[in-house]
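Student: Generate coordinates for the sequence data below:
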Amino acid sequence: MATGLRSAITLIGLSLMVVAGAAWGWTQLSRPFPGKAEPPTCVESTYTEGDKIYPQDVTVSVLNASRREGLAGRTMQELVDQGFGEGDTENAPQGTDVPFAEIWAPDPENPAVKLLRTRFGQIEVVANDHDAAGLVVVVGDEFQTLREGRASVNVHGDVVVCGPAVE
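Tutor: Here you go, the predicted model:
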């Protein structure tokens, strides 16, 4: 093979490698940066005897069982203003009959339920494992506004509370 032909083939091969490398580099450079991952709405934390649970340790979701549009959103904002973590806000399942308010929780004896209940007074707590984040408050037509509740509750025994993710 002639020296000139060998040089031409080498230059063509090297040129193709440079073009392929430049194309790969451009695609890597022009890709969007990965977005910041959203933290989960609710992270389970364990509390032991003698600990205290505060509103900022508890995620609450609100379901609207009333005929008043936006009641769940307004109630959620009041809960967030009192320090609770923001969960889901949506309409209650079809056929839910709650005149004033109820708390739905997998464990009605959980101290977080007791803390949340101080905002509503003597409302019913129902053992319900709804798929909304955290504790669930269902508000009905007779519900108006929250009360000022306790700042914290004491833990007696080991409990798990679903609260906002710490960033």
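
Student: need the longest helix for the protein.
Tutor: For the chain, the helix reaching the highest residue count under DSSP state H is reported as helix 3-30.

Student: How far does that helix sit from its chain's centre?
Tutor: 50 Å (Cα atoms, centre = their mean, to the nearest Å).

Student: Report the buried residues of it.
Tutor: Neighbour counts over helix 3-30 (16 or more other Cβ atoms under 10 Å) mark no residue as buried. (C-beta placed from N, C-alpha, C; glycine too.)

Student: repeat for stretch 158-167
Tutor: 159, 161, 162, 163, 164.

Student: Once you drop chain neighbours, what's closest to the fourth one?
Tutor: With sequence-adjacent residues excluded and distances taken as Cβ to Cβ, 6 or more residues apart in numbering, residue 163 is closest to residue 57, at 4.5 Å.

Student: Let me know the secondary structure of the residue nearest the centre of the chain.
Tutor: In the chain, the residue lying closest to the centroid (Cα atoms, centre = their mean) is residue 41, at 1.3 Å. Look at residue 41: counting by DSSP: H, G, I helix; E, B strand; the rest coil, its state is coil.
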